[in-house]
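In: Quick check, what structure comes out for this input:
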Amino acid sequence: MNLKKYGYVHHIPRLMVISNLMNLSGIAPQEVYKWFMETFIDSSDWVMTPNVFGMGLFSDGGIFATKPYLCGSNYLFKPCDFHVHLREGDLAKQVLNENSKHFQKILIMPNLQVPITNSNLLNKYRNHLLKNKKNLEILFTIYLNQNCSIKELSEMKKKKLFFSVKLYPQNATTNSSSGVSDIKKMTKYFEFLEKNDVPLCIHGEHVHFNDDPFEREKKFLDLELNWIRKNFPNLKITLEHITTKDSVDFVKQHRLIGATVTTHHLLENTYTFFGNHLKPELFCKPIIKNVKHQQALQKVVLSGHKKFFFGSDSAPHLKSKKFTEFCCAGVYSTKYSISNIIEFFYRNKKQANLDGKSS
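Out: Below you'll find the model as predicted:
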């Protein structure tokens, strides 16, 4: 676009791209109008009022147009998010509604207060969510631990009730006390997944008493993921929310393994997290790493490498549990993640490599 240079673009990108992006980002119509007035050379009120409130955002109640301009065609591809926490109850309904505004498909996590380890729990959660979804495809996951039944997993797979399974190391993050303490005791499950072509999503951290949180990811690669890859070479694996150069290199070097990257790990580092003031809204697990690791993530993402894709790990918490002495781990990024990523690619002049990251 030549907007910054000339203060003008054609009505197609103006009404169907820019307005669409602002609509998806949840920006208030009055703020969009103010930005248009300040940015465009033809910013007279009689032009911008119908452009913004009527044709662009369809926020005038249908006075000026019968539908928003963006409905005329598929100008922007609605992305996917391959790592989402919806939580439970009324909160899940709110978060699901927010996801439906920004994504066409989401992969949701099973670490509820009672983890989803069997068909009864899965069906209960499915019913709760599917009756509230709006134009959104939901992919479900099973919480993999030793309470899972191979027979039941097989039956659920035949019915296509879930897409993948999720492995949490014990006590690695929120609601992971039922996670796996010894990876080698999961052999029969890995055999089943490999044989039946079921993807394994992994929270990749090695957690033990008095450890260094900044070293957990690398230790998991060395002590556990190497063992899984060696013994189950045809198992499809997604290493989730990677944070280190070590993980970037590992994924590049091994077959049948991909990785999700979050907005906050891509755009933040230890300095922005707690360099001046501690920001609890950025506290997550795996913890945000230093600029060296951040730059490794940015480099591989900007390159358009097909093994690295978008998974926000968006994880809402009530303010009373987030901004407190015992701060819960999780960054809620659903509302801004895509707009921030688009801006990141734009600033680095890599827009051509953006499509594959979240589709």
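In: Based on its surroundings, how many neighbours for residue 17?
Out: Residue 17 sits with 16 neighbouring residues when counted by other CB atoms under 10 Å. All C-beta atoms are positioned from the backbone trio N, CA, C, and that covers glycine.
In: In the host helix or strand of residue 31, which residues are buried?
Out: Remark: residue 31 resides in helix 29-39, with elements defined by DSSP states H and E. Of the residues in helix 29-39, those with enough neighbours to count as buried (16 or more other CB atoms under 10 Å) are 29, 32, 33, 36, 39.
In: Quick check: pLDDT value at the residue most central in space within the chain.
Out: For the chain, the residue nearest the mean C-alpha position is residue 312 (1.9 Å; CA atoms, centre = their mean). At residue 312 the predicted local confidence, pLDDT, stands at 97.
In: mind listing what it touches?
Out: Residue 312 makes contact with 81, 83, 84, 262, 263, 333, 334, 337 under the criterion CB atoms under 8 Å, 6 or more residues apart in numbering.
In: Could I get these in TSV, plus columns for pLDDT, secondary structure and neighbour count?
Out: Putting the contacts of residue 312 into TSV (pLDDT from 0 to 100; DSSP: H, G, I helix; E, B strand; the rest coil; neighbours: other CB atoms under 10 Å) gives the following:
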residue	pLDDT	secondary structure	neighbour count
81	97	strand	26
83	98	strand	25
84	98	strand	24
262	98	coil	28
263	97	helix	22
333	97	coil	22
334	96	coil	24
337	94	helix	26
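In: Let me have these in CSV, extended by distance to residue 165.
Out: What follows is the contacts of residue 312, written out as CSV (distance: CB to CB, whole Å):
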residue, distance to residue 165
81, 18
83, 14
84, 16
262, 20
263, 25
333, 24
334, 23
337, 24
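In: so what's the residue lying closest to residue 173 once chain neighbours are set aside up against?
Out: Taking CB to CB, 6 or more residues apart in numbering, and ignoring the residues beside it in sequence, residue 173 has residue 285 as its nearest neighbour in space, at 4.2 Å. By CB under 8 Å, 6+ apart, the contact set of residue 285 is 172, 173, 174, 203, 205, 213, 329.
In: one more time with 10 Å, if that's ok
Out: 172-174, 176, 203, 205, 207, 213, 216, 241, 243, 313, 315, 328-330 (CB atoms under 10 Å, 6 or more residues apart in numbering).
In: so it is in which element?
Out: Using DSSP H and E, residue 285 falls within no helix or strand.
In: hang on, the earlier thing: average pLDDT for the helix holding residue 31?
Out: Across helix 29-39, pLDDT averages out at 91.
In: helices or strands up against it?
Out: helix 19-24, helix 45-48 (3 or more CB pairs under 10 Å, 6 or more residues apart in numbering; DSSP states H and E).
In: What are the boundaries of the strands in the stretch 51-200 of the chain?
Out: For the stretch 51-200 of the chain, the strands defined by DSSP state E, counting those that start in this stretch occupy 80-84, 105-108, 137-139, 141-143, 164-167, 200-202.
In: can I get those in JSON lines with distance to residue 270?
Out: Compiled in JSON lines, the strands of the stretch 51-200 of the chain are given as follows (distance: least, CB to CB, whole Å):
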{"stretch": "strand 80-84", "distance to residue 270": "22"}
{"stretch": "strand 105-108", "distance to residue 270": "28"}
{"stretch": "strand 137-139", "distance to residue 270": "32"}
{"stretch": "strand 141-143", "distance to residue 270": "30"}
{"stretch": "strand 164-167", "distance to residue 270": "27"}
{"stretch": "strand 200-202", "distance to residue 270": "24"}
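In: quick revisit: to residue 157, which of the helices and strands packed on helix 29-39 lies closest?
Out: Set against residue 157 and scored by CB to CB, the helices and strands packed on helix 29-39 come closest in helix 19-24, at 33.8 Å.
In: Closest to residue 63 out of the contacts of residue 312?
Out: Closest approach between these and residue 63, by CB to CB: residue 334, at 30.8 Å.
In: Show the backbone phi and psi for the nearest residue to residue 147 once chain neighbours are set aside.
Out: On the basis of CB to CB, 6+ apart, the spatially nearest residue to residue 147 that is not a chain neighbour turns out to be residue 117, at 4.9 Å. Backbone dihedrals for residue 117, given as degrees, to the nearest 10, come out at phi -110, psi 0.
In: same deal with residue 88?
Out: According to degrees, to the nearest 10, residue 88 has phi -140, psi 170.
In: ok so, going back, pLDDT score assigned to the residue nearest to residue 173?
Out: Reported pLDDT for residue 285: 97.
In: from now on call the first residue 10
Out: Got it, first residue is 10 now, which makes that one residue 294.
In: Right, I'll call it a day here.
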